[in-house]
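[1] only geometry, no sequence info:
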Ligand code: F6P
């Protein structure tokens, strides 16, 4: 018998409920094919400093599918092609340390890498594929904004948490006859806001795909007053912006991070509503609550399917691809067709239409 195939696996970018389910499925499917799986800590950091590489035996991952987070750790700052270092003068400079990753990968005798991540991590995975590492990407993000896959795991959990929050806010908003403005995640896509707003009976949903007019938001709320509804729920995606305004972000972000940190639009919208309508208004940011905790059963199943498919693709020697849900199957899509593209909410899709039909305003 030859030497067993050695799979390295890592998780990169922001965590999403379902990451551990992918890891469990990979390890258990690999074990049944006599492959070995090794966990790389914190994205690619574990291939720069290789002390903490862990052999993942099936007993180590038993039933971790139900747990949130990732047992491997993750980071959204560790791009080996553009790694930040602080020099002697205290300034941040960037270096390409990708060759060290490739050398360590080879020295440790790995045959392929399963990289679980969002767009940024999949781009890094693709760059390593071009440098000769056989890679399979597994898409993850609560934002659901990755191209080629119908849905990403983590999204259903985030929508469920946001919906539960909206359900709870109805009673307090009603008791105080207040407007509650809830800011949810999603970056430049409005999937979480749209789907939680629809299922949580929001009055107004503001998403990046539909620039809004604050005047129209206020008119809609005051229109409710005329019909005896003295409270309102407004869901705002963190990437939403008024027609005559910009997306609000929190400064320049951290060194090595590819994207700026969004946030603040909920507070802005609440301030404007209060000023223009005179109604008692409060805002809250759901933030990382949307990413924490156990994945829903939908996310677990999708993540398990992605993990097992990734191992089947290794068996079929299909590399440089990402697993994707193309219902009813999980398919392999070339990474180059996926990266750098954002899947936005379709403006004429059935979900937007449904929301409009039942009287939800998009502030347009
Ligand atoms: O991409 C997932 C996400 O949760 C976005 O919705 C959000 O803008 C961002 O990550 C937050 O990043 P961090 O965890 O670094 O604050």
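    Here it is on my side, so go on. Keep in mind that what you see is a predicted model, and the values were worked out from it rather than measured. Residues are numbered from 1 along each chain as shown.

[2] Could you find the closest non-adjacent residue to the residue positioned nearest the centre of the chain?
    In the chain, the residue lying closest to the centroid (CA atoms, centre = their mean) is residue 141, at 2.2 Å. Nearest non-adjacent residue to residue 141, counting by CB to CB, 6 or more residues apart in numbering: residue 118, 4.2 Å away. C-beta here means a position set from N, CA and C on the backbone, and glycine is covered the same way.

[3] and the gap between the one you found and the ligand?
    6 Å (CB to the nearest ligand atom, to the nearest Å).

[4] What of residue 28?
    27 Å.

[5] Packing partners of the helix or strand hosting that residue?
    Under the criterion of DSSP states H and E, residue 28 resides in helix 19-32. With contacts taken as 3 or more CB pairs under 8 Å, 6 or more residues apart in numbering; DSSP states H and E, helix 19-32 sits against strand 6-11, strand 36-39, strand 112-117, helix 297-315.

[6] can you list contacts of the second one?
    To tie it back to what came earlier, the one meant is strand 36-39. Residues outside strand 36-39 that contact it (CB atoms under 8 Å, 6 or more residues apart in numbering) are 4-10, 23, 26-27, 30-31, 46, 53-56, 71-72, 108, 110.

[7] Which residue ranges of the stretch 51-200 of the chain form strands?
    Applying DSSP state E, counting those that start in this stretch to the stretch 51-200 of the chain gives strands spanning 54-55, 83-86, 92-95, 112-117, 135-139, 179-184.

[8] quick revisit: can you say which of the helices and strands packed on helix 19-32 is packed in most?
    Mean neighbour count (mean count of other CB atoms under 10 Å) peaks for strand 112-117 among these, with a mean of 27.

[9] chain center to it, what's the gap?
    16 Å (CA atoms, centre = their mean, to the nearest Å).

[10] From the ligand, how far off is residue 205?
    Note on residue 205: its distance to the ligand, by CB to the nearest ligand atom, is 16 Å.

[11] ah, wrong one, I meant residue 123
    Distance from residue 123 to the ligand, by CB to the nearest ligand atom: 14 Å.

[12] my guess is that residue contacts residue 339, does it?
    Yes. Counting by CB atoms under 8 Å, residue 123 touches residue 339, with 4.6 Å between them.

[13] For the stretch 201-350 of the chain, which residue gets nearest to the ligand?
    Nearest residue of the stretch 201-350 of the chain to the ligand (CB to the nearest ligand atom) works out as residue 262 at 5.0 Å.

[14] For the residue nearest to that residue when sequence neighbours are not counted, the count of nearby residues, please.
    Spatial nearest neighbour of residue 262, excluding adjacent residues (CB to CB, 6+ apart): residue 238 at 4.2 Å. Residue 238 has 27 neighbours, counted by other CB atoms under 10 Å.
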